[in-house]
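> what would the 3D arrangement of this be:
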Amino acid sequence: MEPAKQPKPIEPALLAIDGRSISVTFRRHAKARRLVLRLSRDRSGVIVTLPPRVGRKEALDFAQRSSNWIAERLAAEPAARPVVAGSTILLRGEEHRIVQSGSRRGTVNLQDDAILVAGDAAHLERRLVDWLKVEARHDLVRASEAYAMAMGVKFHRLTVRDQKSRWGSCSSDGTLSYSWRLVLAPPFVLDYVAAHEVAHLKHMNHGRQYWRLVLTHCPHAARAKTWLKQHGARLHAYAAGP
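Numbering: from 1, shown residues only. Model prediction:
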């Protein structure tokens, strides 16, 4: 029996709203009954979810008719936060000062409530983000391995990227992918996202058995979901490159 064919990706679009170019990403969902519009995680664009029989043109028209809503939501979002010496950034849910320290290249260190970044100011953001990605990977590997053992599953590999539309994902080949920005959130939030994705290694859906598995091993899931809903936009507001 041949595997079911995956639907072809729908070409994204751009909308001009209040002088800004807003990206529009389309996602078809087999269980969707109507068009649904939401902001992307990083607030740089919108995502339109399409029912099976709705085409790209109708979905784009829907997004265009929602221009006022998009403009209002974007205006209410947190302003971009510069990643420069003297500013602050979250790390594991705690505010830390960014300090340019010394000239020795490539070193980043924690000292109380400060993150010390050595080297030229022009490279500070890149060095800090690279360091945060390493920290994120360390935390995510540890959490994912713990949940995989507890749930009786194994993952193939783990990647850490700057995912724009989701905090994590699990592919059919057992690859777990996460946003490095999770290391900015409190540890219980990163922990929940790891549990959420590892559980997909056993249930590639969001059915009752899936949620029973998640909640059995991660009782603070609801608290973490609420935190991301309330504060997730702030994690993407830091003006750090991918």
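
> where do the helices of the chain begin and end?
Taking DSSP state H as the test, the helices found in the chain are 56-65, 67-75, 124-151, 187-199, 208-217, 221-237.

> and these, which is most packed in?
Per residue and on average, the most neighbours among those fall to helix 187-199, with a mean of 24 (mean count of other C-beta atoms under 10 Å). In this view, the C-beta of every residue, glycine as well, is placed from N, C-alpha and C.

> distance from it to the middle of the chain?
Between the centre of helix 187-199 and the centre of its host chain there is 12 Å, according to C-alpha atoms, centre = their mean, to the nearest Å.

> pull the residues that contact it.
Outside helix 187-199, the residues within contact range by C-beta atoms under 8 Å, 6 or more residues apart in numbering are 92-93, 136, 139-140, 143-144, 147-148, 151, 153, 155, 167-170, 176, 178, 182-183, 210, 213-214, 217-218, 220-221, 223-225, 227-228.

> longest single strand anywhere in the chain?
strand 20-28 (DSSP state E).

> quick one, what contacts the nearest residue in space to R27 that is not next to it in sequence?
Closest residue to R27 apart from its sequence neighbours, by C-beta to C-beta, 6 or more residues apart in numbering: T49 at 5.3 Å. Counting by C-beta under 8 Å, 6+ apart, T49 makes contact with 27-29, 32, 35-38.

> which of these has the most neighbours?
R28 (19 neighbours; other C-beta atoms under 10 Å).

> pLDDT wise, what is that residue at?
We have a pLDDT of 92 for R28.

> from memory it sits against L50, does it?
Yes: taking contacts as C-beta atoms under 8 Å, R28 lies within contact range of L50: 4.8 Å.

> what do those two both touch?
Counting by C-beta under 8 Å, 6+ apart, the residues touching both R28 and L50 are I10.

> closest to the centroid, which residue in the chain?
Using C-alpha atoms, centre = their mean, the residue of the chain that lies closest to the mean C-alpha position is W167, 2.9 Å off.

> quick one, phi/psi of that one?
phi -80, psi -30 (degrees, to the nearest 10).

> where are the low-confidence patches of the chain?
Low-confidence segments of the chain (pLDDT under 70): 1-7, 42, 103-105, 239-242.

> other SSEs contacting the longest strand of the chain?
Here strand 20-28 is seen to pack against strand 13-17, strand 45-50, helix 56-65, helix 67-75 when contacts are counted using 3 or more C-beta pairs under 8 Å, 6 or more residues apart in numbering; DSSP states H and E.

> out of the ones you listed, which is closest to G86?
helix 67-75 (26.9 Å; C-beta to C-beta).

> on that earlier part again, could the helices of the chain be laid out in JSON lines, adding distance to G86?
Shown next, in JSON lines, are the helices of the chain (distance: least, C-beta to C-beta, whole Å):
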{"stretch": "helix 56-65", "distance to G86": "39"}
{"stretch": "helix 67-75", "distance to G86": "27"}
{"stretch": "helix 124-151", "distance to G86": "10"}
{"stretch": "helix 187-199", "distance to G86": "26"}
{"stretch": "helix 208-217", "distance to G86": "40"}
{"stretch": "helix 221-237", "distance to G86": "17"}
